[in-house]
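[1] 3D, please:
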Amino acid sequence: QRMKEAQWRQKSLDLARYHAKHFGCRMARDRFPVPQSLRDFMNGAEDMADGHMAIISTDSVNKAFGHGMSISPAVPWISRDMTRFTSCVMAAYIGPIGIRYEWVADGIPDEERDQFFHHSHPVINYFRNEKDVVMKKTRKPGRFARLVQWAYRP
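    Model prediction:
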């Protein structure tokens, strides 16, 4: 049992770090500061106090791309005095399933930062479009998805 738990945990962290690399490269390419927590996570840390990753599926991305890899635009926010970045949201997809990454400079409270890679059966968050992904406005999963989530709940 412990061996099985260690295996899924490591594979889940590997998947998260794979996406973290894409998010970090995207931020650097777009000339956004790459958060130290994201760098630390890629170098072995097991969490990010100012970052959140969730598994997602977005209707508009699925219709437009369907298969292959796609990366949505990065959406940054800046302070009112326009002197620093305060947060950033982006997503990367492989087929219809993706990872949503959110970084908040002031940190994300633990109760709002439930990382997908800490769970053996993470929940898929469903969105209608990219704007909803940015605003964290989920939609109710379809009947089949709800049935599968119910069947595989721990």
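[2] Local confidence estimate at Met3?
    Looking at Met3, its pLDDT reads 69.
[3] residue ranges of the helices in this protein, please?
    2-29, 36-42, 59-64, 130-135, 143-151 (DSSP state H).
[4] List the buried residues in the longest one.
    Just to be clear, that refers to helix 2-29. For helix 2-29, a neighbour-count test (16 or more other C-beta atoms under 10 Å) marks Ser12, Leu13, Leu15, Ala16, Arg17, His19, Ala20, His22, Phe23, Gly24, Arg26, Met27 as buried. Where C-beta positions appear, they are placed from N, C-alpha and C, glycine not excepted.
[5] same deal with the third one?
    Neighbour-count burial for helix 59-64, with 16+ other C-beta under 10 Å as criterion, is recorded at Val61, Asn62.
[6] average model confidence for the longest strand anywhere in the chain?
    In the chain, assigned by DSSP state E, the strand with the most residues is strand 85-94. The pLDDT scores in strand 85-94 average 95.
[7] Which strands border that strand, and is each parallel or antiparallel?
    According to DSSP bridges, strand 85-94 has the following sheet partners: strand 69-71 (antiparallel), strand 75-78 (antiparallel), strand 97-104 (antiparallel).
[8] possible to save these as a markdown table with distance to Ile124, mean pLDDT and mean neighbour count?
    As requested, these are exported to a markdown table (distance: least, C-beta to C-beta, whole Å; pLDDT from 0 to 100; neighbours: other C-beta atoms under 10 Å):
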| stretch | distance to Ile124 | mean pLDDT | mean neighbour count |
| --- | --- | --- | --- |
| strand 69-71 | 17 | 87 | 14 |
| strand 75-78 | 21 | 95 | 14 |
| strand 97-104 | 7 | 97 | 22 |
